[in-house]
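[1] Just the structure for this:
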Amino acid sequence: MASAKSASSMLHSDGILSTLPESTSRPPSPSLPEIPTANLDLTFSFDSILDHSNGPDSRVENVHKRASNVLKLTQENEKLKEELRAMTARLEAAERKRRELDERKQQPAEPLSAIPR
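    Numbers count the residues shown, from 1 in each chain. You can find the predicted model right below:
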């Protein structure tokens, strides 16, 4: 019955229910061989990982994409500058017309007799 008790579920003092036999719950004996460590090189950097995933072709492709984006942005910038010049010209013309109208209002009205018929 003692062997049946050791293989059955046991409640330890820390409250953990164990279903393992008592012989496996003991710490390992010092006569066990050491597990050899693996000779793994884990000295990777992010750059080395990214360099392997991005070959030389993708670098050239990225440069071409950037050049294309720069060209598009340059063209859009020139277009916006031209629109700004046109808006500035319209605004200056409207201000000039407004000043002329204000100057006419400030001049005294000519008598009707002075207007040629």
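[2] need the strands for the chain, in chain order.
    Ranges of strands within the chain are 10-11, 17-18, based on DSSP state E.
[3] and Arg98, how many residues sit next to it?
    Arg98: 10 surrounding residues under other C-beta atoms under 10 Å. (C-beta placed from N, C-alpha, C; glycine too.)
[4] typo on my end, it should be Val70
    Val70, neighbours per other C-beta under 10 Å, totals 10.
[5] Distance of it relative to Glu82?
    To Glu82, Val70 is 19 Å away according to C-beta to C-beta, to the nearest Å.
[6] for Ala38, same thing?
    As judged by C-beta to C-beta, Ala38 and Glu82 stand 66 Å apart.
[7] what does Glu100 give?
    When distance is defined by C-beta to C-beta, Glu100 is 27 Å away from Glu82.
[8] try Leu71
    To Glu82, Leu71 is 17 Å away according to C-beta to C-beta.
[9] So between Ala38 and Glu82, which is more surrounded?
    With neighbours defined as other C-beta under 10 Å, Ala38 and Glu82 compare such that Glu82 has more, 10 against 6.
[10] what ranges of this protein fall below the confidence cut-off?
    Residue ranges of the chain with pLDDT under 70: 1-30, 44, 48-56, 109-117.
[11] And the helices in it?
    2-7, 46-53, 56-106 (DSSP state H).
[12] Looking at those, which is nearest to Leu32?
    helix 2-7 (21.2 Å; C-beta to C-beta).
[13] count of residues packed around Asp41?
    Neighbours of Asp41 under the rule other C-beta under 10 Å: 5.
[14] go on, the one 5 residues further on?
    The number of residues packed near Phe46 is 7, by other C-beta under 10 Å.
[15] ditto for Asn62
    There are 11 residues near Asn62, going by other C-beta under 10 Å.
[16] Ok, Ala86 next?
    Other residues close to Ala86 by other C-beta under 10 Å number 10.
[17] repeat for the one 4 residues further on
    Other residues near Arg90 come to 10 when the count uses other C-beta under 10 Å.
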